[in-house]
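A.B. asks: show me how the following folds:
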Amino acid sequence: MSTSIITVTADQTLEEVEHHFEYVSGLPVVDDDLGCIGIISKSDRAKARPSLGQKSTVGEVMSSPPITLPPNKTVKDAAALMLKMKIHRIPIVDERNQVIGEEMTPYSSIRIQKQRFFLDQKCCVHITVTLPWILQG
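C.D. replies: Predicted coordinates:
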């Protein structure tokens with residue numbers, strides 16, 4: 001689990017959150033109670049109205065509702081869900097829907113290819129997932 005989870009809010013402008021996308025391809029969007037209400041990705045940013053561009057808000061372009069997982073799910077569960085839903089990130093949330101763990105992404109853990117036993121690790125553990133390798137068995 002990450003000690004510092006980067007999130008953004010729906011009322012922030014794309015300009016305000018742009019710097020985060022230098023290092024990540026997507027971020028969880030949270031409400032005032034820190035509940036996960038959506039995901040904003042690099043491809044979502046392309047949905048911004050041309051007349052507003054970077055002045056568009058995160059809420060106008062985010063994908064919502066988000067697909068999330070609780071911390072008791074395994075990396076294999078996350079990989080299967082990403083393939084099924086054709087998504088690239090899944091925030092790990094608690095019973096209050098607050099983001100508590102790093103998002104699982106297809107690029108989060110190369111160790112899985114080398115150490116197959118990590119498939120049953122819980123999602124809050126930061127491991128990298130390469131999807132085709134995981135579901136082969």
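A.B. asks: going forward, measure contacts and count neighbours with C-alpha atoms only.
C.D. replies: Will do.
A.B. asks: is it true that residue 36 lies in a strand?
C.D. replies: Yes - read with DSSP: H, G, I helix; E, B strand; the rest coil, residue 36 is one of the residues of a strand.
A.B. asks: was I right to think it contacts residue 96?
C.D. replies: No - with contacts defined as CA atoms under 8 Å, residue 36 does not count as touching residue 96, sitting 9.1 Å away.
A.B. asks: the more surrounded of these two?
C.D. replies: With neighbours defined as other CA atoms under 10 Å, residue 36 and residue 96 compare such that residue 36 has more, 27 against 10.
A.B. asks: tell me the contacts of the more buried one?
C.D. replies: Applying CA atoms under 8 Å, 6 or more residues apart in numbering, one finds that residue 36 lies in contact with 28, 29, 30, 66, 93, 97, 98, 99.
A.B. asks: run a quick neighbour tally on residue 97.
C.D. replies: 18.
A.B. asks: please report how far it lies from residue 14.
C.D. replies: Relative to residue 14, residue 97 is positioned 24 Å away (CA to CA, to the nearest Å).
A.B. asks: repeat that for residue 5.
C.D. replies: Taking CA to CA as the criterion, residue 5 is separated from residue 14 by 19 Å.
A.B. asks: pLDDT weak spots in the chain?
C.D. replies: Under the criterion of pLDDT under 70, the regions of the chain flagged as low confidence span 1-3, 50-51, 53, 102-137.
A.B. asks: switch the cut-off to 90
C.D. replies: Applying pLDDT under 90 to the chain flags residues 1-6, 20-26, 42-56, 71-83, 86-92, 100-137.
A.B. asks: longest helix of it?
C.D. replies: helix 75-85 (DSSP state H).
A.B. asks: so which elements touch the next helix-or-strand element following that helix?
C.D. replies: On the C-terminal side of helix 75-85, the closest following helix or strand by DSSP states H and E is strand 90-93. Helices and strands touching strand 90-93, by 3 or more CA pairs under 8 Å, 6 or more residues apart in numbering; DSSP states H and E, are strand 99-104.
A.B. asks: now do stretch 79-90: distance from first to last residue.
C.D. replies: Across its full length, stretch 79-90 reaches 9 Å between end residues, using CA to CA.
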